[in-house]
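In: coords please:
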Amino acid sequence: MVLGAPDALHSIDGGRAVSIAFAVPESAVWRDELWDTILDLSALLDEGSWVLVGGHAVLAHALAHDRDCELVSHSVRPLGRLVTTASAMPTVIRCLRELGFVLEGTSIATEFRFSRLPERGSLSDLPQQWIVDVTGVTSLSGGDQALERCEPRGASKGLRAPSVPLPSLLASIVYEAAQFGSSTTEPFVHARNAAFLVSFVHNPIGARQELTPDDRRILRALDAAVGLRQHSVWSRLPIDPDAFIRWKLLLAE
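Out: The predicted structure is shown next:
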């Protein structure tokens with residue numbers, strides 16, 4: 001449920017007014033607790049030092065556009081993901097530790113994994129996990145672009161209403177397309193998320209002017225795999241049969 005138009009409802013974040021862009025549903029089950037962590041990090045970390053990416057960024061865009069969140073692909077595990085800078089990484093580690101997370105290790109030199117065991121009474125019996133990517137070497141997976149095009153958006157959950165840093169809609173599409181090209185486990189989860197986000201683009205011709213050469217390369221790689229109207233990533237979007245047309249307009253020369 002969207003609480004109001006961008007100028008209709010405001011909260012105060014750090015002494016300044018922030019438009020409420022979306023509300024976290026109370027029926028979010030284990031996502032509810034993961035969203036608590038997102039709001040905690042929003043309060044603890046400096047603006048511009050990190051950005052929420054992945055399924056929860058897609059979910060936030062869906063909430064902001066009043067769309068069916070059940071169409072957002074997500075892991076069965078309570079898993080969040082963020083991108084930060086090398087200089088802010090020590091602060092991110094400290095904040096996650098303050099929130100009870102333990103560093104599990106790294107799969108690559110720039111990807112850090114944290115986990116926290118479920119608390120008593122938790123809605124999930126699985127540990128909450130976070131993946132933290134460091135910019136500078138994440139451009140192939142869309143991380144740098146996401147942080148560069150970060151747009152803080154007001155989010156509300158109960159009485160809490162901080163500003164959550166999200167990639168712009170276009171940057172989120174590029175991020176999911178890039179993840180499709182780099183994921184070895186569930187690439188089509190990211191393809192479906194990208195297609196879902198494309199359905200929110202009201203002016204694909206205008207958005208096309210904002211694409212960088214790297215963006216175009218990433219999106220065309222995804223198009224090579226899902227570029228036919230009958231592909232399942234488009235056919236599963238009955239609410240917007242024009243999403244495929246928007247996609248082709250976005251990619252047109």
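In: and the residue nearest to L41 when sequence neighbours are not counted, what does it touch?
Out: Closest residue to L41 in three dimensions, ignoring its sequence neighbours and counting by C-beta to C-beta, 6 or more residues apart in numbering: C95, at 6.3 Å. For the C-beta atoms, the positions are set from N, CA and C on the backbone; glycine is no exception. The neighbours of C95, taking C-beta atoms under 8 Å, 6 or more residues apart in numbering as the test, are D40, L41, L44, L45.
In: so how many other residues sit close to the second one?
Out: So that's L41. Around L41 sit 22 other residues, with neighbours defined as other C-beta atoms under 10 Å.
In: next one, pLDDT for it please.
Out: The score at L41 is 96. That number is its pLDDT.
In: element containing it?
Out: If you go by DSSP states H and E, L41 is part of helix 30-44.
In: helices and strands around that helix, which ones?
Out: For helix 30-44, the packing partners by 3 or more C-beta pairs under 8 Å, 6 or more residues apart in numbering; DSSP states H and E come out as helix 55-64, strand 79-84, helix 89-98, strand 128-134, strand 150-156, strand 163-167.
In: of all those, which lies closest to P25?
Out: Each of the helices and strands packed on helix 30-44 has some distance to P25 by C-beta to C-beta; the shortest is helix 55-64, at 7.6 Å.
In: can you give me the helices for the stretch 151-253 of the chain?
Out: Counting by DSSP state H, counting those that start in this stretch, the stretch 151-253 of the chain forms helices over residues 169-182, 187-198, 204-208, 213-226, 232-235, 243-251, given from the N-terminal end onward.
In: and the pLDDT for V24?
Out: Each residue has a pLDDT score; the one for V24 is 81.
In: now do the contacts for the residue lying closest to it once chain neighbours are set aside.
Out: For V24, the nearest residue in space outside its immediate sequence neighbours is K157; the separation is 4.1 Å by C-beta to C-beta, 6+ apart. Taking C-beta under 8 Å, 6+ apart as the criterion, K157 is in contact with A23, V24, W35, D36, L39.
In: if we can go back for a sec, and whatever helix or strand comes next after the helix holding L41, which strands flank it?
Out: Proceeding C-terminally, helix 30-44 gives way to strand 50-53 as the next helix or strand, assigned by DSSP H and E. Strand pairing for strand 50-53, determined by DSSP bridges: strand 79-84 (antiparallel).
In: pLDDT on the partner strand, on average?
Out: Average pLDDT, strand 79-84: 93.
In: can I get it as CSV, trimmed to CA atoms?
Out: Provided in CSV are the C-alpha atoms of strand 79-84 (Å, rounded to 0.1, in the frame of the first residue of the first chain):
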residue,chain,number,x,y,z
LEU,A,79,18.5,-12.5,2.5
GLY,A,80,19.3,-8.8,2.0
ARG,A,81,22.0,-7.2,-0.1
LEU,A,82,23.6,-3.8,-0.2
VAL,A,83,26.4,-2.0,-2.0
THR,A,84,28.8,0.3,-0.2
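In: brilliant, that's me finished.
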